[in-house]
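> Below is the structure, and that's it, no one-letter string:
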């Protein structure tokens, strides 16, 4: 099982980007999918999460600007980021709790995608 993130880039303040993260491999099911970010010199922080029944959580600093969603048929989560600010600059990582085909419910494993860099210029 692998997670592959994409969609980062350079954008001006006030602009938008959409990140994608897809899971591939032999998967029985996916529980929570999350986005984290890590800015230079700072600790990794959770940005948003979404459960299998589409219950979403956002950290306060992105609420109203970011929207997390998922396509269960594609095992993919998206993070739509709008009104971006320079302080959103970071490497964004996706994370998922996945039950691979080799396991049975309710067992799961944690998987991380590679980071994708988001740079917001002022």
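Great, that's in hand. Please read all numbers here as calculations on a predicted model, not as lab measurements.

> C-alpha from now on. contacts and neighbour counts both.
Will do.

> Return the mean pLDDT over stretch 100-116, rounded to an integer.
Over the span of stretch 100-116, the pLDDT mean works out to 93.

> contact partners of it?
Judged by CA atoms under 8 Å, 6 or more residues apart in numbering, the contacts made with stretch 100-116 from elsewhere in the structure are 1-9, 21, 26-29, 91-99.

> Filter those down to just the ones in strands.
When DSSP state E defines the strands, the subset of the contacts of stretch 100-116 inside them is 2-6, 9, 21, 27-29, 91-99.

> PyMOL command for the buried members of the contacts of stretch 100-116?
Selection command for PyMOL covering only the buried members of the contacts of stretch 100-116, criterion 16 or more other CA atoms under 10 Å:
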select buried, resi 2+3+4+5+6+7+8+21+27+29+91+92+93+94+95+96+97+98+99
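
> Around the closest residue to residue 91 other than its chain neighbours, count how many other residues there are.
Taking CA to CA, 6 or more residues apart in numbering as the measure, residue 91 lies nearest to residue 117, with 4.3 Å between them; neighbours along the chain are not counted. Neighbour count of residue 117, defined by other CA atoms under 10 Å: 19.
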